[in-house]
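>>> With the sequence up front, the predicted model follows.
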Amino acid sequence: MIPAREIVAITVLFVFSFPSEKTGSVEIYPPVVERPHSALAPRFDMATMRFTGSVPSQARYLLRHVYFGGKLGDTLEFLPKFIDSLMLERLPVITRDQLRKYIAKHKIDSMDIGGNISRPLSRTKSGIMAGYFIIHDASNLMSPPYKKFTPIVNSMRWYHNQIWRQKDFKWAHAFINRLGLSITCNDFEKPVYGTKFEKSIQNPDVGDTCVGNFIHIENIMPRRSSRRKRPYNDEIAINPGLTNKQYERLALLYLTASCRKEGWLIPSFHAVIDEGIKDAHSDPQNFELNKWVKAMQKLYHQIQKA
């Protein structure tokens, strides 16, 4: 009878006696794990720091509706008329003097809407000024997480509406609460990353080379947990999503950022920018594009007449 230890030795020798096709020696390769890649990286021109396509076509793609769970709708067939006019540069950007006059009349501090309006916007490492205005919702979880939405979420009694608590937040330029008040956590001139698209570890094809190309605006958004998944998920958003006051302040921040650029920024939703990347976010939820555009159109003409 062959001793057990010899059987083991023969078996090991047999297993490792097969040569690799390339070198003739034994090589053990780790399994290849395919990571989800950014859907937008191939559409991004590193030289210009812009996505491919005309400005209106970019906006139609980047403003695709964000559904439950971050599922994205189809490319828009057309943009709302007013924003289409902006993307086609048929309307002039408001001037700094017009903006100063308006915010002084309405007692709005420029430091709450992105900082010193005399200054330009952020730039990428290659020196290209920001070209995109990214709309987020802050996915603020109710406590307890299964609690139903109540009117408190639209009052200062709700913790998350106390936006001064966000003054040191690192990953956005500004926050807007449910009452339409805003705070700047990073001046529009400061390069800030707020998406996975801008992180080299999650989007190695582009990564931090494009930090500074996006202006990031967070909107306070009540969410609660779905019982179908792990506890404390933030899947279920309030509907309607933003308040009318939030749309009005978001319009002001967009016009302000475009004023500082001296050109119209291309608006986008966070979820679209991160499309295809692992654990991509699902915001903004229940965003009504027409409401925002109407608020912007009204404000634009008010500022022009101020």
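Yep, that arrived. From a predicted model like this one, the values you see are computed outputs, not experimental measurements. Numbering: from 1, shown residues only.

>>> thinking in terms of the whole chain, how far from its middle is stretch 101-118?
In terms of CA atoms, centre = their mean, to the nearest Å, the centre of stretch 101-118 is set 24 Å apart from its chain centre.

>>> Endpoint to endpoint, it covers what distance?
According to CA to CA, to the nearest Å, stretch 101-118 extends 13 Å from its N-terminal end residue to its C-terminal end residue.

>>> Over to stretch 55-72?
Distances were taken as CA to CA; on that basis the terminal residues of stretch 55-72 are 20 Å apart.

>>> cool, stretch 134-147 as well?
One end of stretch 134-147 sits 29 Å from the other (CA to CA).

>>> Contacts for that stretch, please.
Counting by CB atoms under 8 Å, 6 or more residues apart in numbering, the neighbours of stretch 134-147 from elsewhere in the structure are 149, 153, 160, 172, 175, 194-195, 214-225, 227, 231-234, 237, 241-242, 250, 267-270, 273, 281-285, 287. Bear in mind the C-beta positions are built from the backbone N, C-alpha and C, glycine included.

>>> Low-confidence regions, this protein specifically.
Across the chain, the stretches falling below the confidence threshold (pLDDT under 70) are 1-36, 228-231.

>>> contacting residues for residue 225?
Contact criterion CB under 8 Å, 6+ apart gives 141, 142, 145, 146, 231, 232, 233, 234, 235, 236 as the residues in contact with residue 225.

>>> Only whichever of those are buried, select them in PyMOL.
For selection in PyMOL, the members of these meeting the burial criterion (16 or more other CB atoms under 10 Å) are listed in this command:
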select buried, resi 141+142+145+233+234+235+236
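
>>> which ones among the contacts of residue 225 are found in strands?
The members of those that map onto strands under DSSP state E are 141, 236.

>>> Just the closest of the contacts of residue 225 to residue 262, please.
Using CB to CB, residue 234 comes nearest to residue 262 of those, at 37.4 Å.

>>> didn't that closest one look like it was pressed against residue 223?
Yes - the pair residue 234 and residue 223 qualifies as a contact (CB atoms under 8 Å) at a distance of 4.2 Å.

>>> The residue nearest to residue 257 when sequence neighbours are not counted: neighbour count?
Closest residue to residue 257 in three dimensions, ignoring its sequence neighbours and counting by CB to CB, 6 or more residues apart in numbering: residue 215, at 5.0 Å. Applying the criterion other CB atoms under 10 Å, we find 30 residues in the vicinity of residue 215.

>>> Unless I misread the structure, residue 215 falls within a strand.
Yes - Residue 215 sits within a strand when classified using DSSP: H, G, I helix; E, B strand; the rest coil.

>>> Tell me the spacing between it and residue 256.
When distances are taken as CB to CB, to the nearest Å, residue 215 and residue 256 turn out to be 10 Å apart.

>>> Need the residues touching each of these two.
Each of 114, 188 lies in contact with both residue 215 and residue 256 under the rule CB under 8 Å, 6+ apart.

>>> Quick check: phi and psi at residue 42.
Reported as degrees, to the nearest 10, the phi and psi values for residue 42 are phi -70, psi -20.

>>> Contact partners for it?
Neighbour list for residue 42: residue 205 [criterion: CB under 8 Å, 6+ apart].

>>> Kindly report the same for residue 153.
Shown in contact with residue 153 (CB under 8 Å, 6+ apart): 142, 160, 161, 178, 222, 238.

>>> Before I go, just wanted to say thanks for your time.
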